[in-house]
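Enquirer: here is a sequence with its predicted model. Questions after.
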Amino acid sequence: MTSILSADPAAPGPAVASASPPATIGPFLGRTRIAYFSMEIAARPEMHPYSGGLGILAGDTARSCADLGIPAVFVTLVSRRGYLRQEIAPSGEQVEHPDPWLPEAYATPLRAKVAVLLEGREVWVRPWLHLLRSPIGPTVPVLLLDTDLDENAEPDRRLTDELYGRDQVYRLKQEAILGIGGLRILQALGFNIRAYHLNEGHAAFLALDLLRRYPRPEDQVGPGELKYEIGRVRDMCIFTTHTPVEAGHDRFPYEMVEWVLRGYIETDQLRLIAGRESLNMTRLALHLSGFVNGVADRHARTATKMFPGYKIRAITNGVHLPTWTHPAFIELFNRNFPAWAYEPELLVRADQLPDELVWQAHRQAKRDLLDHVARLGKRLDPDLPLLGFARRMTAYKRPDLLFSDLQRLKAIAARHPFQLVFAGKSHPSDGAGKGLIRFIHEKIAELAPEVTAVFLPNYDMAVAKVLVPGVDVWLNTPEPPLEASGTSGMKAAANGVLNLSVLDGWWLEACVEGTTGWAIGTDGASGAGSASAAELYEKLEHHVLPLYVNDRARWIFMMKESIGKIACYFNTHRMMRRYAAEAYLR
């Protein structure tokens, strides 16, 4: 049978724009009806306008839109200095460096320009066009908004440089450029958009700019009422909220908004739709969107409690399987389920795969990870079970939970030897998160020589594609109910890696105890860290590690169940079909 996807990681992919004919927007104008706005998008490893999960999801969403023929255009900021390149000092401290990239190497500048009025000045915005190519072949347009133009004053030229950088005023201006500037760019280019999808609240000014275009007749507006036809905007806007953590919702003082967006809209009108005390970008998006969803069943319930009065549906996140599946498994799937990349549902038949071929593919993925670790000067044993943890390093994700009792951990390792690999960045302003990175390095040193553990620096898309499929067990220990969804474990499951995770986010829907993996805790309710640690140690000592050593046939059975029961469903093809049917075509 003919394979639809190359299993060779060195196979030629899309060349950089400078080596190809210039990309043009024309072929997409007539058919594109959906615009997806996100502060960050992970288009490819060499492009750095993303920090983590939100951008990875946006990139996977774009790839599935390309594969499924969903007529969408994606809009983000160019963020030419990237997020951060992480270095780990000898003391275990995170050291941040800029992570710049060259837009001209991967994108084509378009001629359209629009102005956004910020602090009374015209700030001009120009888009770059990147054609994001799915591993299967189709492309989808991504517009990267840029203010580094001769027409702009020097401070304004830097507004699209740094992802999540600097202070509140900088962030407010960036979100105005994304929402207001992005909407106007689409119109200047000639797009006829019918549905605007806001990926988190950063782009909520888009809905506000639409609202200003539909004033109500003055004689129909009473005192204290909204002066605009809100229903027309709600018919066009879809909003996906991602975070149940209060700090994740951008808020701006109205005095700041009045200064930056002077004359744009009356503050008393904003207070009606964005919060009384300050402009809450999440509330603004909630109020102006006709379809709102969380990113897992539990998260939708949590978000409804946080924002009562809004109907918040649930569309659980997924991952783009062809992007995150290791080449050895791609080859295995191609031989047995040739259309799997277009129809992930076919992976439900993973139980038919020969055990020895599944194990062989996994061993290749593990060798690739161990080779990567070796290049950093550390050796891991290919025959010992390897546990992996790689998330954004912040307090509620509890990356330190495994190290709660080092003596207990060493005692477990004495009976059932294992290895650990950790990775993850902390936001530069998250002192607690940076402290966790330092803490993990201290504990890694204290565990030696009983447990070999490594921390891989500068976790990004490229490192993830090696790390996630190469471990034996994927560990995830957030504090419930603060995990909105999580997708790293979905990537792991697609490669037959078994999840050991707190019952929160997506895992609450995917866990079949002892079949697709193991749960830490019972029902996702918040509990003390000591109780979660005790449950984690119990599962490791009595279930996970003994099974790996003593019953390889059962382990491989679980690997196939993980693929067949998780990858077939928790993917962005299923996710985008639901968005198309329930949100875009409503």
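Expert: On my side now, so go ahead.
Enquirer: contacts only, for Glu450.
Expert: Contact analysis of Glu450 by CB atoms under 8 Å, 6 or more residues apart in numbering lists 410, 413-414. Backbone N, C-alpha and C define where each C-beta goes, glycine included.
Enquirer: please type out the PyMOL selection for whichever of the residues you listed turn out to be buried.
Expert: Per 16 or more other CB atoms under 10 Å, the buried members of those correspond to this PyMOL selection:
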select buried, resi 413
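Enquirer: tell me how far Leu208 lies from Arg216.
Expert: 16 Å (CB to CB, to the nearest Å).
Enquirer: the more surrounded of these two?
Expert: Neighbours around Leu208 and Arg216, counted as other CB atoms under 10 Å, are more numerous at Leu208. The numbers are 27 against 13.
Enquirer: didn't Pro480 look like it was pressed against Ile520?
Expert: No. The pair Pro480 / Ile520 is not scored as a contact, 9.8 Å apart, by CB atoms under 8 Å.
Enquirer: hey, what's in contact with both of these two?
Expert: Here Pro480 and Ile520 have 502-503 as joint contacts, going by CB under 8 Å, 6+ apart.
Enquirer: out of these two, which sits in the more crowded spot?
Expert: The neighbour comparison of Pro480 against Ile520 (other CB under 10 Å) goes to Ile520, with 28 against 22.
Enquirer: show me what the more buried one bridges to in the sheet.
Expert: Taking DSSP bridges as the rule, Ile520 bridges to Val502.
Enquirer: from His543, how far out is it?
Expert: For Ile520 relative to His543 (CB to CB), the value is 11 Å.
Enquirer: shared neighbours of those two, anything?
Expert: Joint contacts of Ile520 and His543 (CB under 8 Å, 6+ apart) do not exist.
Enquirer: quick one: low-confidence ranges for the stretch 451-586 of the chain?
Expert: 523-528 (pLDDT under 70).
Enquirer: rerun at 50
Expert: For the stretch 451-586 of the chain, applying pLDDT under 50 flags the ranges 526.
Enquirer: got the residue ranges for the strands in it?
Expert: Counting by DSSP state E, counting those that start in this stretch, the stretch 451-586 of the chain has strands at residues 452-456, 473-476, 498-502, 517-520.
Enquirer: immediately after the helix or strand containing Arg298, which helix or strand?
Expert: Assigned by DSSP states H and E, Arg298 belongs to helix 297-306. Following helix 297-306 in sequence order, the next helix or strand is strand 313-314 (DSSP H and E).
Enquirer: now that next one, how far from the chain's geometric center?
Expert: Relative to its chain's centre, strand 313-314 lies at 18 Å (CA atoms, centre = their mean, to the nearest Å).
Enquirer: so for that strand, mean pLDDT?
Expert: Across strand 313-314, the average pLDDT comes to 98.
Enquirer: helices or strands next to that strand in the packing?
Expert: strand 291-294, helix 297-306 (3 or more CB pairs under 8 Å, 6 or more residues apart in numbering; DSSP states H and E).
Enquirer: distance of Val95 from Ser488?
Expert: Note on Val95: its distance to Ser488, by CB to CB, is 24 Å.
Enquirer: more neighbours: which of those two?
Expert: Taking neighbours as other CB under 10 Å, Val95 and Ser488 compare with Ser488 leading, 24 against 13.
Enquirer: that's a helix at His197, yeah?
Expert: No. Using DSSP: H, G, I helix; E, B strand; the rest coil, the assignment for His197 is strand, not a helix.
Enquirer: when you give positions from now on, start the count at 4
Expert: Okay, residue one is now 4; in that scheme the one you just asked about reads as His200.
Enquirer: next, the contact list for it, please.
Expert: 37-40, 75, 241-243, 582, 586-587.
Enquirer: so what's it bridging to?
Expert: Taking DSSP bridges as the rule, His200 bridges to Tyr39, Ile241.
Enquirer: pull the number of nearby residues for Glu359.
Expert: Around Glu359 there are 9 residues (other CB under 10 Å).
Enquirer: which helix or strand contains it?
Expert: Short version: Glu359 belongs to helix 358-378, going by DSSP H and E.
Enquirer: show me how far that helix is from its chain's centre.
Expert: In this view, helix 358-378 has its centroid 25 Å away from the chain centroid, taken as CA atoms, centre = their mean.
Enquirer: same for the lowest-mean-pLDDT helix or strand in the chain, what does it pack against?
Expert: Here the helix or strand of the chain ranked lowest by mean pLDDT, DSSP states H and E is helix 532-542, holding a mean of 90. Using 3+ CB pairs under 8 Å, 6+ apart, the elements in contact with helix 532-542 are helix 409-418, strand 501-505, strand 520-523.
Enquirer: kindly recompute the last result at 6 Å.
Expert: strand 520-523 (3 or more CB pairs under 6 Å, 6 or more residues apart in numbering; DSSP states H and E).
Enquirer: on that earlier part again, want to throw the contacts of His200 into TSV with neighbour count and distance to Asp271?
Expert: Listed next are the contacts of His200 as TSV, based on neighbours: other CB atoms under 10 Å; distance: CB to CB, whole Å:
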residue	neighbour count	distance to Asp271
Ile37	22	33
Ala38	24	30
Tyr39	26	32
Phe40	27	27
Ala75	27	36
Ile241	23	27
Phe242	28	23
Thr243	27	29
Tyr582	25	35
Ala586	22	31
Tyr587	19	33
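Enquirer: closest one to Ile196 out of those residues, please.
Expert: Of all those, the one with the least separation from Ile196 (CB to CB) is Ala38, at 4.7 Å.
Enquirer: not counting sequence-adjacent ones, nearest residue to that closest one?
Expert: Of all residues not flanking Ala38 in the chain, Ile196 sits nearest, at 4.7 Å (CB to CB, 6 or more residues apart in numbering).
Enquirer: pretty sure that neighbour is in a strand, no?
Expert: No. Looking at Ile196 with three-state DSSP, it is coil, so not inside a strand.
Enquirer: tell me how many other residues surround it.
Expert: Counted with other CB under 10 Å, the neighbours of Ile196 add up to 16.
Enquirer: measure the nearest residue to Phe242 once chain neighbours are set aside to Glu585 for me?
Expert: Spatial nearest neighbour of Phe242, excluding adjacent residues (CB to CB, 6+ apart): Ser292 at 3.7 Å. Ser292 is 13 Å from Glu585, where distance means CB to CB.
Enquirer: same question for Leu506.
Expert: Look at Leu506 and Glu585: by CB to CB, they are 26 Å apart.
Enquirer: between these two, who's got more neighbours?
Expert: Comparing Leu506 with Glu585 by other CB under 10 Å, the one with more neighbours is Leu506, at 20 against 14.
Enquirer: test my guess that that one contacts Ile523.
Expert: No. Between Leu506 and Ile523 there is no contact under CB atoms under 6 Å: 7.1 Å.
Enquirer: what about Asp354, how many residues nearby?
Expert: With other CB under 10 Å as criterion, Asp354 counts 11.
Enquirer: and it, helix, strand or coil?
Expert: Of the three states, Asp354 takes helix under three-state DSSP.
Enquirer: measure it to Pro385 for me?
Expert: 26 Å.
Enquirer: do the same with Glu359
Expert: Distance from Glu359 to Pro385, by CB to CB: 17 Å.
Enquirer: before we move on, back to that, of the helices and strands packed on strand 316-317, flag the one that's most buried.
Expert: strand 294-297 (a mean of 23; mean count of other CB atoms under 10 Å).
Enquirer: chain center to that strand: distance?
Expert: Worked out by CA atoms, centre = their mean, strand 294-297 lies 17 Å from the chain centre.
Enquirer: and if you look at stretch 225-245?
Expert: How far stretch 225-245 lies from its chain's middle: 27 Å, per CA atoms, centre = their mean.
Enquirer: what's the answer for stretch 467-480, then?
Expert: With CA atoms, centre = their mean, you get 16 Å for stretch 467-480.
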